[in-house]
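Q: Dropping a prediction and its sequence here:
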Amino acid sequence: MAQIKKIKVDASKVQLAIRAGIPLTLTTYTLPHAMEEYICEILKIFLEDLGQNHMVDSLTYCIKELVNNAKKANTKRIYFQEKGLDINNYSDYEKGMKTFKQDTLNNIRYYMELQRRKGYYIKVSLQTRNNKIKIEVRNRAELTVFEYKRIHDKITRAQQYSSVEDGLVQLLDESEGAGLGLVIMILVLRKIGLTEENFQVKCENGETITRLILPFSAATLNDINALSTEFVNLIDGLPEFDENIMQINRIIDDPKSKMSDIAMKISNDVSLTAELLKMVNSAAYVLSTPCSSIGDAVKIAGIRGIRNLLFSIGTMHKLTVNSTGKNKEMWDHSYRVAFYAYNIARNFCAKDRGCVDDSYVCGLLHDMGKIIFENAMPDVLYKINSLCTMRGIEPELFERMISGVNHGELGAKIAQKWNFPQVFVDVIRYHHEPAEAPENVRKLTSVIYVADIMTHYEEGKVLFEDIDSAVLKTIGIEKEEQFHGISEKLSHAFRREK
């Protein structure tokens, strides 16, 4: 038999997924040994890059257990189809399981080829967001009632044992792969301070999804909090927005001021005048004739529109000083997300006026944390590195966590420092986890999440199944064909707009 070559691991792709907070997905149909080893190596790099080395051995065992169970579940479907048995019928299930193991082992290549031909996939995804790690294994077969009950029986049984060793001694049920291995997996998780609550099993859309949600170690979280606080303290000396923007804000806040006062002040600033006219003459306002009067433009945009414009312009002025090539790339992404967010809100959330009005500016500012980190002055970074040395923290942790996984929290803290409306602060903080956002901004945060993830989908960085289906449903998107169609239309429209 020809030796299967080891699959080469590209560590840079793992690091890119971590920095972007997007899922890293691996797909296989037959799970050969080389692929299993590749998955484990990716997991190792993923955990080590996050500074979670203490989890490597335990989670390697867990992921092997999950992918092999997924492979077995797919093979079982193929076997039952070949035997003409209904896997959802208890009598047929019992009959088929008596011969399943021996028959498939004796002719494994045949069943693996059928599995590949019929598209019975196994997908593994790794992702980190909000100081948590999500490991997910999907296979194209929903659990039967009997299988689902068996898994939960095993999880319950695992609670009876005090350790892995105790479980091995007392539990010898190996009739199915979800038996001994699953119990040991729960005990292994417990050994690193986790419980069965960190393990989830569910079925939807023809798939079985097994999921591990893992918090970072307490030591890592303490280091992250210390570095985040120190960074915010160090950049607290940043000046506020330009004085003319602050003056216009004060006029807006003054109940005695008139729209003509706002128009007069804006007209004294060439860049603000140009941006306001550009905004009201964009497709967003659908004017029958172009607007050239600042007075009319102020009335068309309204107080909320003017305020959003000021925050957008003020932030861009502040964060594009000494802009680098990487900075430009991040701003291009932000403009695309803003455009997508506004159009998604206008088409799917039209009754929520606040959501529509705030969608563009929130899309533009969602990645403030990343952009601010890239613009940090050398003396700030030097002081942070000194703090790392003093506290025995890896200097790489700061860059890894602040510019990547933790950028939502960092951006929210800066938004608070600049007195942004609480809506903006919350959206920036939770744009990767809309379900955790306060209820009053959850829909808007969901819009920003969808717009953001759509740009990554277009770049081939995420698959549709990697996108949170619950968030999509809150917007009114349920199928990939619908999502893909919206993506294509927005992409074409954005290119025209540019």
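A: Thanks, I have the structure now.

Q: Not counting its own residues, what contacts stretch 185-201?
A: Identification of contacts with stretch 185-201 by Cβ atoms under 8 Å, 6 or more residues apart in numbering yields 54-55, 58, 61-62, 65-66, 143, 148, 151-152, 154-155, 158-159, 161, 163-164, 167, 208-214. Placement of C-beta: from N, CA and C, glycine included.

Q: for that stretch, what is the average pLDDT?
A: Per-residue pLDDT over stretch 185-201 has a mean of 81.

Q: Tell me who's in contact with residue 96.
A: So residue 96 contacts 76, 79, 80, 83, 85, 87 (Cβ under 8 Å, 6+ apart).

Q: Would you mind writing the CA trace of stretch 416-424 as PDB?
A: The C-alpha trace of stretch 416-424 is given here as PDB (Å, rounded to 0.1, in the frame of the first residue of the first chain):
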ATOM      1  CA  GLN A 416     -16.700  55.500  25.700                       C
ATOM      2  CA  LYS A 417     -13.700  57.800  26.100                       C
ATOM      3  CA  TRP A 418     -14.800  59.800  23.100                       C
ATOM      4  CA  ASN A 419     -18.400  60.000  24.500                       C
ATOM      5  CA  PHE A 420     -20.000  58.100  21.600                       C
ATOM      6  CA  PRO A 421     -23.700  57.300  22.000                       C
ATOM      7  CA  GLN A 422     -24.200  54.100  24.000                       C
ATOM      8  CA  VAL A 423     -25.700  52.400  21.000                       C
ATOM      9  CA  PHE A 424     -22.300  52.700  19.100                       C
END
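
Q: Pull out the buried positions in that stretch.
A: Under the neighbour-count criterion of 16 or more other Cβ atoms under 10 Å, stretch 416-424 has 418, 420, 421, 423, 424 buried.

Q: If we only consider the residues you listed, which is nearest to residue 445?
A: Among the buried residues of stretch 416-424, residue 423 lies closest to residue 445 (Cβ to Cβ), at 9.4 Å.

Q: can you list the residues that contact the helix or strand hosting the closest one?
A: Assigned by DSSP states H and E, residue 423 falls within helix 422-430. By Cβ under 8 Å, 6+ apart, the residues outside helix 422-430 that reach it are 311, 354, 358, 361-362, 365-366, 368-369, 408-409, 411-412, 415-416, 436-438, 440-441, 444-445, 448.

Q: Kindly recompute the last result at 7 Å.
A: 311, 358, 362, 365-366, 368, 408-409, 411-412, 415-416, 436-438, 441, 444-445, 448 (Cβ atoms under 7 Å, 6 or more residues apart in numbering).

Q: Give the next helix or strand downstream of that helix.
A: Downstream of helix 422-430, the next assigned helix or strand under DSSP H and E is helix 442-458.

Q: Can you tell me which helices and strands that next one packs against?
A: With contacts taken as 3 or more Cβ pairs under 7 Å, 6 or more residues apart in numbering; DSSP states H and E, helix 442-458 sits against helix 325-348, helix 353-365, helix 422-430, helix 469-475, helix 480-497.
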